[in-house]
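Peer 1: Coordinates for the following, if possible.
(4 chains)
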2 protein chains.
Amino acid sequence: MAVRTLSALAHEGRLSVFRALVKAGPGGMAAGDIARQLKTAANTMSAQLMMLSNAGLIHARRDGRSIIYAVDFEQMSGLLLFLTEDCCGGRAEICAPLAAVATSCCPPKRRQRA
Amino acid sequence: MAVRTLSALAHEGRLSVFRALVKAGPGGMAAGDIARQLKTAANTMSAQLMMLSNAGLIHARRDGRSIIYAVDFEQMSGLLLFLTEDCCGGRAEICAPLAAVATSCCPPKRRQRA
DNA sequence: TATATGTTTCCATAATCCATGAAATATAGA
DNA sequence: TCTATATTTCATGGATTATGGAAACATATA
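Peer 2: Residues are numbered from 1 along each chain as shown, chains lettered A, B, ... in the order given. Alright, predicted model coming up:
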């Protein structure tokens, strides 16, 4: 549900976590590293990661003692698609600038929606 | 702040209100009409509209006894741009499908929904 | 003025969310 | 095994939020 995803991002700390993970890329980051970088207590960070994970925005994998979190790019894409689908009901003035950004930052390869 | 905007949408009722207003277009809808359509008490609806308004997602104008709410398309576009800007740090796999949707729904040629 | 309609504000209650200390779990290495 | 590191889970108090009844406010009409 979109509300769940939006709720997960509608929090200063969690949004920062998500951005850090986006910046980290597919390789992800260890929970502890995120906590240190954002100066957040380990258990608080754990709760925030749990929230993002439950929303499907990130996923975890274990690597030794660390647990690596990484953005689920498909889910992220899905949220954006939902929002654009929600907004594009015939109103080109909304997504025209969005289209401009999307096409300028991404290769001009056309991809079919899932 | 993005958190404020995301928080405003991260609520079942408010998201429904916002979608109704998006569907209504620039002409907007009267507060009472939205309340009746969504079967919500007038005061509850008022609070939800206030929240969306404070987030800048909608704006109000008076028309006789009614108060008409309409989506602030610029703010809506801004949120989408923020989210895409946040996600597009070199990761074409995210916004490539987004670009496909944006470009397919916005050009004046095709306004057909998928 | 009086009355009806549309919307908001006030208020109380219930529900939910958030951060943190403390304890528990999982892994690695000696 | 013991100890250290990494992370999660539990319990709790405090803050915030959501809802709806009742009242107030704003407008229209007569």
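Peer 1: From here on, just use CA atoms for contacts and neighbour counts.
Peer 2: Fine.
Peer 1: what does chain A put close to DNA strand C?
Peer 2: A:A10, A:H11, A:G13, A:T40, A:A41, A:N43, A:T44, A:A47, A:Q48, A:D63, A:G64, A:R65 (Cα under 7 Å from any atom of the strand).
Peer 1: which of the residues you listed are buried?
Peer 2: Neighbour counting over the residues of chain A next to DNA strand C (16 or more other Cα atoms under 10 Å in any protein chain shown) leaves A:A10, A:H11, A:G13, A:Q48 as the buried ones.
Peer 1: and DNA strand D, which of the residues of chain A next to DNA strand C reach it?
Peer 2: A:N43, A:T44, A:A47, A:R65.
Peer 1: Identify, from these, the entry nearest to DNA strand D.
Peer 2: A:N43 (3.6 Å; Cα to the nearest atom of the strand).
Peer 1: That closest one is in what secondary structure piece?
Peer 2: For A:N43, the host element (DSSP states H and E) is helix A:42-54.
Peer 1: residues making contact with that helix?
Peer 2: The contact list for helix A:42-54, computed with Cα atoms under 8 Å, 6 or more residues apart in numbering or on different chains, reads A:5, A:8-9, A:13-14, A:17-18, A:31-32, A:34-35, A:58-60.
Peer 1: which among those gets closest to B:S77?
Peer 2: B:S77 lies nearest to A:L9 out of the contacts of helix A:42-54, by Cα to Cα, at 17.6 Å.
Peer 1: Identify the residue spatially nearest to that closest one, adjacent ones excluded.
Peer 2: Spatial nearest neighbour of A:L9, chain neighbours left out: A:L15 (5.1 Å); criterion: Cα to Cα, 6 or more residues apart in numbering or on different chains.
Peer 1: my read: the one you found touches A:S7, true?
Peer 2: No: using Cα atoms under 8 Å, A:L15 makes no contact with A:S7, being 10.1 Å away.
Peer 1: Tell me which of those two has more neighbours.
Peer 2: Between A:L15 and A:S7, counted using other Cα atoms under 10 Å in any protein chain shown, the more crowded position is A:S7 (20 against 17).
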